[in-house]
Each structure stands twice: as structure tokens, then as C-alpha cells.
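Peer 1: need a 3D model of the sequence below.
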Amino acid sequence: MEEKRLEHPEERQDEKQEKKKQYPVTRRDFYGCVIILLIAIFLQGIQTRALIRRGNTQLENSMANRISSVESRIENIPNSIETALLEADNPFRESSVEIAAADLKAKKVTLRMTAMPKEWKTGDTSLKFYLSCDGGEKIAVDATAGADHSFTAEKEIPFCETAAVTAILQRGDMEYPSDLGETSVAGAVYPFFSGDFYSAFTWTGGGSEASVSGNVEVEVQPSDWMMQEDKSLTLKNPTVEIYVDGKRVQKHKMQAEVADTTFTHYTYTIEKAFHVKEGQYMETYFKAEDENGLKYTYLVDRSHVTNGDVETAESAVPAVDSVQEGRLKVE
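Peer 2: A predicted model of the protein is given here:
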């Protein structure tokens, strides 16, 4: 038989002390663990708050977008209602006003006006167009009914900026008016001009005087009516004229470059600089003549010299017989 070994209390106490020596836990270790735990909890709180803020921001953005969308729809409701009411009140299925012919030399155009009623009764339907130019007196024009029950009329008028047309449908004893809108006349018939004076200034006298050089570029395009009618556009004697306070200081012939079939590019580079002083105005004009004998004067640039600088000034061309915001004069 094996003999059981009895442990003495002293031996158990020695073992406990030996384990404490192998895995010592100090107060510093304890506090360090507590601090690490608190930092982890703090960082977790920051992350949680960031997620909450991000979620709130996304929710706010989503709500703002939805509110904006609803507001936009609400704002469009009156327009939709107005459009629907106008369409319901409009007695015509379709209508149009267009330039049928133009005589640039005589400065006259022929407008063709058409309107097709939504309803038709033979022998009980008639129509008149009322035409006015630039807000002037209205001219009554009788319309003729066609086989397709549409009404058509043509009227020759002098050039004007815009022509306004109203149609009144007569059905029995009832009248149904409809505004056909405004049509650009001169702007749709005359060529279109655009250009710029790319100037360079050398200042002297503390900015009170300058020597001016640079180049002038102008593009001329056929009008919409010319292109529709396949009309060619040829300009003769293209020149640039530069004025200082109303006195011409430069006049030169410009070089023409046909860029393609739709427009012509005119250029000139100033060979001899001219001088301007503070307070003076510079005006640059492009002038040319077409095959009909019409003379075009286009204001390329008008500038005011002030305090060592140059600023764009208002157009100096009178608004009589002119288009393109008073920059083109045709004689």
C-alpha cells in the first residue's frame, strides 16, 4: 500500500508565495488597466457620437432634398395650371407667323400668318389677323380658309424690330381672340455681326495718356432667313474706322477670310499706334456694303479712357433703323 504524503501548512504557504512571485499584480498595473478601459470607452463614445452626427446629417440632407423637391413641385403647380388654362382657352389647334419674303433694298418683308381652329363649322367660321409693328397701330388682315380648314394671310410691311400678331376667330356671333406672339423682323433678315477690338495700351504721364495698338476682328453671318432661302451674302469694301471723341484717327481695309459657308471673318492689325487721353472716348466701327447697295455700319467697340484704365461705354449708334441692341445701322 502506498503511503499518503501529508502536506504541512508551511508547504502550502510557500506555494502561494511562489505563485505570487511568478504573476505579480501591482497597483500601477491595476490603475493602468482602468485607464486603458476608460480610454476605450471614451473612444467608443466619440465614434458613436460621430456615427450619430453622420446619420443626423444624412437624414437632414435627405429631408432637405425631399422638401426642396416638394416645394419645386408646388411652385410649378401655378405654371402648369396657367398653361393648361391657356391651352384650353386657345381656339386654335396650331398657328404660326413666319417671314415669307424680304426685300432688303426696299426694307420690306412679307409675313405669312396661319391658324387652324380646333372646331370648324362650314359657313359659320371666319378669321381675321391683327398685325402691329413695334407697338404701333394694329392693321386688320382678312384670312382665307383652305381645304384643310386652316386660315392663311400674307401682308407686306416695312422693316421693324418686332411684329406682334393677334388672331380673332369668328364663329357665329362669338369671337375667340388669341395672341400669336411677337416675331423678330429686321433681326431675322439682316446679316448678323459680331466682333471685338483686341487693344493694347502703353500708358504714359502717370496713366493720363496712352498709345493704342492691337487688332480688330469681325464675323458676319447670313441671317436665318438668308440661310432658309439659300441666299448668298457678299460684302464689298469692308473697312474699319476708329474714332477718338468723334474724330476719325484710323481707316483701313480689312482682310476677308471665308471660314466656311456660314460666316466670313474680317481682320485688321493696327500698324501705326494712335494716342488717347484720360476722359476721351474711342469708337471702332466696321463698315461694308452688300450686293443690294445696303450700307452696314456695325459698332465693334466703344470705350472710355479713365484714370489709367479703359472701360466699355454705352452704344453710340442711334436706335433708328437699327438692330442688335443699337449696334448695327443699315442705310
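
Peer 1: low-confidence regions, this structure specifically.
Peer 2: Scanning the chain for pLDDT under 70 picks out the ranges 1-32, 34, 38, 40, 42-89, 123-124, 259-261, 312-326.

Peer 1: quick one: secondary structure of residue 98?
Peer 2: When classified by DSSP: H, G, I helix; E, B strand; the rest coil, residue 98 comes out as strand.

Peer 1: that one bridge partners, please.
Peer 2: Assessed by DSSP bridges, residue 98 has beta-bridge partners residue 112.

Peer 1: which residues touch the closest residue to residue 236 other than its chain neighbours?
Peer 2: Nearest residue to residue 236, sequence neighbours excluded (Cβ to Cβ, 6 or more residues apart in numbering): residue 289, at 4.9 Å. C-beta here means a position set from N, CA and C on the backbone, and glycine is covered the same way. Residues counted as contacts of residue 289 (Cβ atoms under 8 Å, 6 or more residues apart in numbering) are 235, 236, 237, 295, 296.

Peer 1: columns distance to residue 281 on top of those residues, output as a markdown table?
Peer 2: Shown next, in a markdown table, are the contacts of residue 289 (distance: Cβ to Cβ, whole Å):
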| residue | distance to residue 281 |
| --- | --- |
| 235 | 27 |
| 236 | 29 |
| 237 | 26 |
| 295 | 23 |
| 296 | 22 |
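
Peer 1: just the closest of the residues you listed to residue 183, please.
Peer 2: residue 296 (22.2 Å; Cβ to Cβ).

Peer 1: what helix or strand is that closest one on?
Peer 2: strand 295-306 (DSSP states H and E).

Peer 1: so what are the sheet partners of that strand and their directions?
Peer 2: strand 281-290 (antiparallel), strand 309-312 (antiparallel), strand 328-330 (antiparallel).

Peer 1: any idea which of the ones you listed gets closest to residue 164?
Peer 2: Across the strands paired with strand 295-306, closest to residue 164 is strand 328-330 (Cβ to Cβ), at 22.0 Å.

Peer 1: buried residues in the closest one?
Peer 2: Buried residues in strand 328-330, counting neighbours by 16 or more other Cβ atoms under 10 Å, are found at 328, 329, 330.

Peer 1: quick check: the first one vs residue 222, distance?
Peer 2: Going back to what we said before, that points to residue 328. Applying Cβ to Cβ, to the nearest Å, the value for residue 328 to residue 222 is 14 Å.

Peer 1: the second one too?
Peer 2: From residue 329 over to residue 222 the distance is 19 Å, taken as Cβ to Cβ.

Peer 1: repeat for the last one
Peer 2: Separation of residue 330 from residue 222 (Cβ to Cβ): 15 Å.

Peer 1: nearest to residue 283, of the buried residues of strand 328-330?
Peer 2: residue 329 (12.7 Å).

Peer 1: thought the closest one was touching residue 294?
Peer 2: No: Residue 329 lies out of contact with residue 294 (Cβ atoms under 8 Å); the separation is 10.6 Å.

Peer 1: for the stretch 101-250 of the chain, what spans make up the strands?
Peer 2: Along the stretch 101-250 of the chain, counting by DSSP state E, counting those that start in this stretch, strands occupy 108-117, 125-133, 139-142, 144-145, 151-158, 162-171, 174-184, 192-204, 209-221, 235-244, 247-253.

Peer 1: show me what the fourth one is packed against.
Peer 2: Read that as strand 144-145. Here strand 144-145 is seen to pack against strand 125-133, strand 151-158 when contacts are counted using 3 or more Cβ pairs under 8 Å, 6 or more residues apart in numbering; DSSP states H and E.

Peer 1: winner for burial among those?
Peer 2: strand 125-133 (a mean of 19; mean count of other Cβ atoms under 10 Å).

Peer 1: send the alpha carbons of that strand over as PDB?
Peer 2: Presented in PDB, the C-alpha positions along strand 125-133 are these (Å, rounded to 0.1, in the frame of the first residue of the first chain):
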ATOM      1  CA  THR A 125     -66.500  80.300 -89.300                       C
ATOM      2  CA  SER A 126     -64.200  83.200 -90.300                       C
ATOM      3  CA  LEU A 127     -61.000  84.700 -89.100                       C
ATOM      4  CA  LYS A 128     -59.000  88.000 -89.100                       C
ATOM      5  CA  PHE A 129     -55.400  88.700 -88.200                       C
ATOM      6  CA  TYR A 130     -54.400  91.900 -86.500                       C
ATOM      7  CA  LEU A 131     -50.800  93.000 -87.100                       C
ATOM      8  CA  SER A 132     -48.700  95.700 -85.400                       C
ATOM      9  CA  CYS A 133     -45.100  96.800 -85.700                       C
END
